[in-house]
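A.B. asks: Need coordinates for the following:
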Amino acid sequence: MISPDYIRNNRKEVQEGVRAKKSDIRIDDIIALDDEYKQVLRTTEDLRASRNTITEQIAAQKNSEARSGLLKKAEEIKRKVQHNESILRTKKEALDTALHKIPNIPSNDVPRGTDEDDNVVLRVFGEKPSFSFKPKDYLEIAKAYDLIDIDRAAKVSGTRFGYIKNQAALLEFALVRFVFDEVMKERFVPIVPPVLINKNAMQGLGYLEKDSDEAYYIEKDDLYLVATAEHSIVPMFCNEVIECETLPRRFIGFSSAFRREAGSYGKDTKGILRVHQFDKIEMVSFATVEQAEKEHLLMLETQERLMQRLEIPYRVVSICTGDMGFVAKRQYDIESWIPSQETYRETHSTSDTGDFQARRLNIRYRKDKANHFVHIANGTALAIGRILIALLENYQQHDGSVRIPSVLQPYTGFDRIS
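C.D. replies: Alright, predicted model coming up:
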């Protein structure tokens, strides 16, 4: 959420940022709502002050006739205060609803654009594998070694699910341990968070305004399944004040993630590239305003280090305004090379949300005897399914086997799938 005062003082910047995020919200309408709320608030506060004055006069008045007149006046003011407080609540609800619909304003250094075609490739790392044979796609490899079973998963759960089996299951556990060992070197605290969160948490995160059709909602319990561990890690500190000396506070969480993929019908419907349930490792950092940008870049550097150690070719992409998420002010993606498709596909994302989520969740830190909203960054450490795809395809050998990256072999106990 953006502060009404910031909107008022930076009207042009906010309106341009809103348009860049492809939102049709009119900032002038928001300011008008804020004006109405503040006018009623001032009137209400004046009435409360008058009520307090009369209360003091009543206590000091000895004349019964004068006291009776003051009591009638106090009762009249009380009714006006109650009436105004009702109006005030209505105005506040309308203002908050409008404020919650405003997307985070993109930073000035974010590329302007309308869709993924306007994203900017910042750098490319690694040599694409050169095969002396026609490379197979990951589903062919998985079928040969009974690694992924989407047919039986369809019988049990429907489309866009899969069983990860045999050496692929062991490879997942190896990846999890490898990533935790690497990322914890940067003082990230390991955490396994809940995968069900309440509506207040989900709304506070800012994902219901734009992506509500992506969320799995359990009506009977009024709970949402998380789409990433970030969804349950960020609200941990809602309505709390964090001591400044403890910041930045970094967490690395493992969880299953659940997504409807509502806007992707017809895309990647076969296999495990785009599924309703997958396992994911997520990084989250709570920081001061001075630390925020450094924390975001640390996440990107960590993602790249992991990819380089796994020796998967990738590129880093700066996401343009029109393709960026609702809550992000700056976003980078890492796309891994997928040989069978002869293209790069997104496997990681990292976003700087500024104090956007902290305002909605009321997460603050104390510095110089004052409270300030924390700044929050999040980033994928590893999306297991997509990295499995990248590993199977990039590491396939001429004899049909799949070599295991050297950094994972101590965790797997085997050096190839064959």
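A.B. asks: wait, V124 sits on M307?
C.D. replies: No - using CB atoms under 8 Å, V124 is not in contact with M307; the gap is 11.6 Å. The way it works is simple: take the backbone N, C-alpha and C, and place the C-beta from them, glycine included.
A.B. asks: residues shared between the contacts of these two?
C.D. replies: Y314 (CB atoms under 8 Å, 6 or more residues apart in numbering).
A.B. asks: who's more crowded, those two?
C.D. replies: Here V124 and M307 are set side by side on neighbour count (other CB atoms under 10 Å), and the busier one is M307, at 22 against 13.
A.B. asks: Nearest residue to the more buried one in space, ignoring adjacent ones along the chain?
C.D. replies: Nearest-residue entry for M307: Y314, 4.9 Å, with adjacent residues in sequence omitted and distances by CB to CB, 6 or more residues apart in numbering.
A.B. asks: residues touching the one you found, list them.
C.D. replies: Counted by CB under 8 Å, 6+ apart, Y314 has contacts 124-126, 304, 307, 334-337, 344, 347.
A.B. asks: Among these, name the ones in helices.
C.D. replies: When DSSP state H defines the helices, the subset of these inside them is 304, 307.
A.B. asks: got the contact list for D211?
C.D. replies: Contacts were defined as CB under 8 Å, 6+ apart; by that measure D211 touches F326.
A.B. asks: And the contacts of stretch 91-108?
C.D. replies: Residues from elsewhere that reach stretch 91-108, judged by CB under 8 Å, 6+ apart: 1-2, 4, 7, 13-14, 17-18, 20-21, 23, 25, 29-30, 33-34, 36-37, 40, 203, 206, 209-210, 321, 324, 326-330, 352-354, 356, 360.
A.B. asks: Just the buried subset of the residues you listed, please.
C.D. replies: Buried subset of the contacts of stretch 91-108 (neighbour count, 16 or more other CB atoms under 10 Å): 1-2, 4, 7, 14, 17-18, 20-21, 23, 25, 30, 33-34, 37, 40, 203, 206, 209-210, 321, 324, 326-330, 352-354, 356, 360.
A.B. asks: Give me the helices and strands touching the helix or strand harbouring F178, please.
C.D. replies: Element membership for F178 (DSSP states H and E) is helix 166-183. Using 3 or more CB pairs under 8 Å, 6 or more residues apart in numbering; DSSP states H and E as the contact test, the elements touching helix 166-183 are helix 138-145, strand 249-258, strand 277-287, helix 292-310, strand 375-383, helix 384-394, helix 409-412, strand 416-417.
A.B. asks: How about the fourth one, which residues are buried there?
C.D. replies: In this case it means helix 292-310. Judged by neighbour count (16+ other CB under 10 Å), helix 292-310 contains these buried residues: 292-293, 295-296, 298-300, 302-304, 306-307, 310.
A.B. asks: Which strands and helices lie in contact with it?
C.D. replies: strand 120-125, helix 166-183, strand 277-287, strand 314-318, strand 330-338, strand 343-352, strand 375-383.
A.B. asks: Next, the angle strand 314-318 makes with the first one.
C.D. replies: Orientation check (axes from the mean of the first three to the mean of the last three CA atoms, to 10 degrees): strand 120-125 against strand 314-318 gives 160 degrees.
A.B. asks: Next, the contact list for G158, please.
C.D. replies: Counting by CB under 8 Å, 6+ apart, the residues that G158 touches are H276.
A.B. asks: Also R67?
C.D. replies: Applying CB under 8 Å, 6+ apart, the residues contacting R67 are 58, 61.
A.B. asks: Okay, it and R8: tell me how far apart.
C.D. replies: Here R67 is placed at a distance of 45 Å from R8 (CB to CB, to the nearest Å).
A.B. asks: swap in R259?
C.D. replies: According to CB to CB, R259 and R8 sit 37 Å apart.
A.B. asks: which one of the two has more residues nearby?
C.D. replies: Taking R259 and R8 together and counting by other CB under 10 Å, R259 has the greater number of neighbours (20 against 14).
A.B. asks: Quick check, pLDDT for the residue nearest to that one when sequence neighbours are not counted.
C.D. replies: Beyond its immediate neighbours in the sequence, the residue positioned closest to R259 (CB to CB, 6+ apart) is A227, lying 5.0 Å away. Note for A227: predicted pLDDT of 95.
A.B. asks: now A227, what's its secondary structure?
C.D. replies: Reduced to three states with DSSP: H, G, I helix; E, B strand; the rest coil, the structure at A227 is coil.
A.B. asks: In contact with it, which residues are there?
C.D. replies: Per CB under 8 Å, 6+ apart, neighbours of A227: 207, 214-215, 257-259.
A.B. asks: among the residues you listed, which one has the lowest pLDDT?
C.D. replies: Of all these, E214 carries the smallest pLDDT score, 82.
A.B. asks: For that one, the count of nearby residues, please.
C.D. replies: Counted by other CB under 10 Å, the residues lying close to E214 total 16.
A.B. asks: For S157, give its distance to A383.
C.D. replies: Between S157 and A383 the distance is 19 Å, computed by CB to CB.
A.B. asks: Which of those two has more residues huddled nearby?
C.D. replies: When S157 and A383 are compared on other CB under 10 Å, the one with more neighbours turns out to be A383, at 21 against 14.
A.B. asks: wait, doesn't that one sit right on H348?
C.D. replies: Yes - the pair formed by A383 and H348 meets the contact definition of CB under 8 Å, at 7.1 Å.
A.B. asks: any idea of the pLDDT on Y265?
C.D. replies: 60.
A.B. asks: next one: E85
C.D. replies: E85 carries a pLDDT score of 89 in this model.
A.B. asks: what helix or strand is it on?
C.D. replies: Using DSSP H and E, the element containing E85 is helix 64-100.
A.B. asks: now that helix, how far from the centre of its chain.
C.D. replies: Taking the mean C-alpha point of helix 64-100 and that of its whole chain, the gap between them comes to 40 Å (CA atoms, centre = their mean, to the nearest Å).
A.B. asks: any idea which of the contacts of A227 is the one closest to F414?
C.D. replies: Minimum distance to F414 across those is 27.4 Å, recorded for A257 (CB to CB).
A.B. asks: Give me the distance between the closest residue to the closest one other than its chain neighbours and N198.
C.D. replies: Setting aside the residues directly before and after it, A257 is nearest to K280 in space (CB to CB, 6+ apart), at 4.6 Å. Using CB to CB, K280 is found at 21 Å from N198.
A.B. asks: who has more neighbours, the two?
C.D. replies: Between K280 and N198, counted using other CB under 10 Å, the more crowded position is K280 (21 against 13).
A.B. asks: Was I right to think the more buried one contacts R259?
C.D. replies: No - assessed by CB under 8 Å, K280 is found out of contact with R259, at 10.3 Å.
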